[in-house]
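Enquirer: I'd like to go over a predicted model; first the sequence, then the structure.
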Amino acid sequence: MQSTVLDGLNPEQAQAVIQMPGPVLVVAGPGSGKTRVLTSRIAYLIEERHVPADRILAVTFTNKAAREMRERVDRQIGRSGATSGLWMGTFHSMGVRMLRSDPGAVAQHLGILPNFVIYDDTDQQAAVKAAIIAIGQDPKRIPPRRMLSRISAAKSLLLTPAEYAQTEVKTYDDEIVARVYDGYDAYLRRANAVDFDDLLALPIRLFDAAPNVLERYQDRFEHILVDEYQDTNRVQYVLVSNLAAKHRNLFVVGDPDQSIYAWRQADIRNILDFGNDFPDAVRIDLEVNYRSTARIVAAADRVIRENTQRIDRKLRTDNDDGEPIILRELADQDHEASFIVSEIRRFIQREGVRPRDIAIMYRTTAQSRAIEQAFRTSDVRYRIVGGLRFYDRAEVKDVLTALRLIYNPSDQIAFERVVDHFPIGRGLGPKALDALNDWRRANQRSVVEALVAVETPDAVDGGPILGGAARNAAIKLGQVFSSLAAESRRLPIVELFDRLLDETGYQSAFNQESEEELNRWANVLELRSDLVRFNDLPPATALPTYLEQVALISDVDALNDEDKDNTVTLITLHSAKGLEFPIVFVTGVEEGLLPISRAIEAEHDDPNQVEEERRLFYVGITRAKRLLIITHTGHRMTYGRTEDRVPSRFLASLPMEHVKTISARSPLGRSGGAGLLDKARQAAITERGGFQPMPAASLPTYETGQRVFHPQFGEGLVTEVVARHNDQELGIDFVRHGKKRLLASFARLDTVEAAS
DNA sequence: GCGCGACTAGGCGGG
DNA sequence: CTAGTCGCGC
């Protein structure tokens, strides 16, 4: 049978598509066509093996990847809806779906009611903080952030608070973690909330308590496919191997060299030890890179080969050499930013490059600010992936949180946010909140029930006792939220939204005179139009569906495809995994940033962290298809302090025969000069106890035949040098702009040190 | 209980 | 630098 889904695949790819039954591990290098293999395999299962779509589970790293993969399979099969019934999504969306599918069992065995909400990072921190205070500790001495990552690590090992306390506590610090974990867990259960780790761990607990639920899934999922397997953690491994235990058709794809989430408890052993975990597994290597030029592939290969924790293999490609990799040193982050923007303008204007084909990558989100600034004063449009998400803006989060409280009246964090941020919460301070909270806990009621009981004391338990202003505020709040909760079951969601804003007086919190506040109000209205898409759903399901979608959305998911043609992408190296662009800038490749200082500090005890940083650089390099530009600076401002920067150690492994190096050599006349000159000036200041004019001798001198780089005209060759008192007049033949005559001191030239 | 200015501490990545 | 907390006067 000649199959169309195998057309155009190389032998290894084709084998990966058809290899079955049993476990399969595909080790797929960057650009080796792994997405294509995944979609082809799904199409093959459905079309050739006649596996019903609803008996396939495919796990992806982002929702966006799931969406795109589904579209591709549909297209490949040539029949829309061919994949309906197929489970495709992230581990987290799969987890929440499982918890929603068996509300009875979930309530009975896990004590979680069907209207549970998902806590995001901010909510989690607030809950941890409450737990720290509850055990009589000071959140300033015990940072919630640190506690949370310890708790997350414990959950990723499937340890309950009791198990953690019993087996993991060795120091006083561990003891604190154990107690905070216990309090945090209780807090979440009281609020009928789950966190991201719960979405993975709770299904497993459900399977333990109700084996029939697990069996149902085991029977159903004849084929399970997992993408980005190198970034799965212990819980995800347990989940997947449980689900695949019956049919054993587990197909995982990954690249150990692109494992960049160890900090999130991803365990590289999942992929390295796949053969031990599943002894009958077939391993297939995809090593041919179809994405990048040969120079880029060579650079990637050389960079990653320095790591010790890896499977030894060599990347290959049949692609052309392409253009040299550009390694550019700049004075500081502003110079770096303006260089990037001027290069991009040149690409767009002179070479007809589409903005969507360009990406700028960086290690930390803070680095995007300077670049964004440079874009703002240009005519080039850009978009930032990550950073402050729309849904994280204070005003948007306020309204979302209030919607959450309508849906789940036990949501303590949501309640406290409403009290703090809505006009209707005025009058309720810490004392009143304590009284409400004490009553609620003692009587096992929701926060909204506590509010209602203030006015109409419970026949059995009485009600919370509040005085004066607090009492009135609590009564009002109780009325509004209990009536909104009742309305939510019959009103279309947009009307519910309007009622919420109306009855909480939220609009009056914005000063309509101030431009900034009007802007924030506009965001609230944008949220409203976001809701319109859900307005046709039955009122009972619209709200939970919407809240869930917002909770599970990732930065990359939010990547707005509408105007992608006209925008350059600014993205962190982490978010860039899985994407590709013809032109890629990897910026800030400096010690302390890439590798990040924390990894360097830990290097002595744990070299793995620096290795992960190297993999991150590798991920960045391998995103580029045609042209790779790497930048680093001589000094950089961090927290208002300017620090000298040293080029990253990773740059040493670049194959110099494929790299064109341009280092900063900043003549007078440019603010914030770089490198040598600046150091000379620094020395002059310290030695003579004050600023001295630079001696004329330190002006850069040029010679004919020298290659130079101009921020506007690009690369050129010095053809003529005429001495002019303390300066030089230069004749330069620019590659793209022809001959120009420039004065050395004003030309802002850099020298090109190595060319190819 | 609220709103303001002063202060300090964090210092990365994200479903 | 920036966000979040503290402590004051109202």
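Expert: Yes, it's here. Numbers count the residues shown, from 1 in each chain, chains lettered A, B, ... in the order given.

Enquirer: Let me see the mean pLDDT of stretch A:134-144.
Expert: In this model, stretch A:134-144 has an average pLDDT of 81.

Enquirer: what's the offset of it from the middle of its chain?
Expert: Here stretch A:134-144 is found 28 Å from its chain centre; the criterion is C-alpha atoms, centre = their mean, to the nearest Å.

Enquirer: Quick one: residues in contact with it.
Expert: In this structure, residues lying in contact with stretch A:134-144 by C-beta atoms under 8 Å, 6 or more residues apart in numbering are A:125, A:128-129, A:132-133, A:176, A:179-180, A:183, A:187. Any C-beta I mention is one placed from the backbone N, CA and C, and that applies to glycine too.

Enquirer: What subset of these is buried?
Expert: Neighbour counting over those (16 or more other C-beta atoms under 10 Å) leaves A:125, A:128-129, A:132, A:176, A:179-180, A:183, A:187 as the buried ones.

Enquirer: would you turn those into TSV with secondary structure and distance to DNA strand B?
Expert: Below are the buried ones among the contacts of stretch A:134-144 laid out as TSV (DSSP: H, G, I helix; E, B strand; the rest coil; distance: C-beta to the nearest atom of the strand, whole Å):
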residue	secondary structure	distance to DNA strand B
A:125	helix	9
A:128	helix	12
A:129	helix	13
A:132	helix	13
A:176	helix	15
A:179	helix	20
A:180	helix	16
A:183	helix	19
A:187	helix	17
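
Enquirer: can you narrow those to ones near DNA strand C?
Expert: residue A:129 (C-beta under 7 Å from any atom of the strand).

Enquirer: what two of the buried ones among the contacts of stretch A:134-144 are the furthest from one another?
Expert: A:125 and A:179 (17.2 Å; C-beta to C-beta).

Enquirer: Tell me the residues of chain A that contact DNA strand C?
Expert: Near DNA strand C, when you scan chain A using C-beta under 7 Å from any atom of the strand, you find A:129, A:140, A:639-640.

Enquirer: gap between residue A:550 and DNA strand B?
Expert: Computed as C-beta to the nearest atom of the strand, to the nearest Å, the residue A:550 to DNA strand B distance reads 11 Å.

Enquirer: so what's that residue up against?
Expert: Residue A:550 is in contact with A:391, A:400, counting by C-beta under 8 Å, 6+ apart.

Enquirer: at 6 Å instead, please
Expert: The contact partners of residue A:550, by C-beta atoms under 6 Å, 6 or more residues apart in numbering, come to residue A:391.

Enquirer: Need the three-state assignment for the residue in the stretch 101-250 of chain A positioned nearest to DNA strand C.
Expert: Here the residue of the stretch 101-250 of chain A nearest DNA strand C is residue A:140; by C-beta to the nearest atom of the strand that distance is 5.9 Å. Reduced to three states with DSSP: H, G, I helix; E, B strand; the rest coil, the structure at residue A:140 is coil.

Enquirer: What segments of the stretch 151-300 of chain A are helices?
Expert: Chain-ordered helices for the stretch 151-300 of chain A, with DSSP state H, counting those that start in this stretch as the definition, fall at A:161-167, A:172-190, A:196-209, A:211-220, A:234-243, A:269-272, A:274-277, A:294-304.

Enquirer: The stretch 401-550 of chain A: helices as residue ranges?
Expert: Counting by DSSP H, counting those that start in this stretch, the stretch 401-550 of chain A has helices at residues A:412-421, A:430-443, A:447-455, A:468-487, A:493-504, A:515-532, A:539-552.

Enquirer: weakest of the ones you listed in terms of mean pLDDT?
Expert: helix A:515-532 (a mean of 83).

Enquirer: buried set for that one?
Expert: Buried-residue list, helix A:515-532, by 16+ other C-beta under 10 Å: A:520-521, A:524, A:527, A:530-531.

Enquirer: quick one: is it near DNA strand B?
Expert: No - in this structure, helix A:515-532 remains apart from DNA strand B according to C-beta under 7 Å from any atom of the strand; the gap is never smaller than 12.4 Å.

Enquirer: Give me the packing partners of that helix, helices and strands only.
Expert: Using 3 or more C-beta pairs under 6 Å, 6 or more residues apart in numbering; DSSP states H and E, the elements in contact with helix A:515-532 are helix A:394-407, helix A:493-504.

Enquirer: Those helices: which one's closest to residue A:375?
Expert: Across these, residue A:375 has its closest neighbour in helix A:394-407 (23.7 Å, C-beta to C-beta).

Enquirer: So which bits of stretch A:424-440 are buried?
Expert: In terms of neighbour count (16+ other C-beta under 10 Å), stretch A:424-440 has its buried residues at A:424-425, A:427-428, A:432-433, A:435-437, A:439-440.

Enquirer: ok, which residues in the stretch 251-400 of chain A are in contact with DNA strand B?
Expert: Residues of the stretch 251-400 of chain A that fall close to DNA strand B, judged by C-beta under 7 Å from any atom of the strand: A:262-264, A:363-366, A:386.

Enquirer: State the pair within those residues that is farthest apart.
Expert: A:262 and A:366 (21.7 Å).

Enquirer: out of these two, which sits in the busier spot?
Expert: A direct count of neighbours by other C-beta atoms under 10 Å for residue A:262 and residue A:366 places residue A:262 higher, at 17 against 14.

Enquirer: how many neighbours does the residue lying closest to that one once chain neighbours are set aside have?
Expert: Nearest-residue entry for residue A:262: residue A:612, 5.5 Å, with adjacent residues in sequence omitted and distances by C-beta to C-beta, 6 or more residues apart in numbering. Other residues lying near residue A:612 total 22 when counted by other C-beta under 10 Å.

Enquirer: Quick check: next helix or strand after whichever strand or helix holds residue A:612?
Expert: Secondary structure assigned from DSSP states H and E places residue A:612 in helix A:608-621. Scanning the chain past helix A:608-621 towards its C-terminal end, the next helix or strand to appear is strand A:624-633 (assignment: DSSP H and E).

Enquirer: Give me the residues contacting that next one.
Expert: Contacts made with strand A:624-633 from outside it, assessed by C-beta under 6 Å, 6+ apart, are listed as A:291-292, A:296, A:323, A:325-330, A:332-333, A:336, A:580, A:582-587, A:589-590, A:645, A:647.

Enquirer: Let's see which of those end up in strands.
Expert: In this view, the contacts of strand A:624-633 that belong to strands under DSSP state E are A:325-330, A:582-586.

Enquirer: Which two of those have the greatest separation?
Expert: A:329 and A:582 (23.7 Å).

Enquirer: Please identify which of those two sits among more neighbours.
Expert: residue A:329 (26 against 16).

Enquirer: before we move on, the earlier item: contacting residues around the helix holding residue A:612?
Expert: Under the criterion C-beta under 6 Å, 6+ apart, external residues in contact with helix A:608-621 comprise A:257-258, A:260, A:262, A:299-300, A:303-304, A:307, A:309, A:361, A:573, A:577, A:586, A:594-595, A:599, A:602-603, A:650.

Enquirer: Would you write a PyMOL line that selects the buried entries of those residues?
Expert: In PyMOL, this line selects whichever of those come out buried by 16+ other C-beta under 10 Å:
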select buried, chain A and resi 257+258+260+262+299+300+303+304+307+361+573+577+586+594+595+599+650
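
Enquirer: Restricted to buried residues, select the ones in strands among the contacts of strand A:624-633 in PyMOL.
Expert: Applying 16+ other C-beta under 10 Å to these, the buried members can be selected in PyMOL as follows:
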select buried, chain A and resi 325+326+327+328+329+330+582+583+584+585+586
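
Enquirer: Many thanks, we can stop here.
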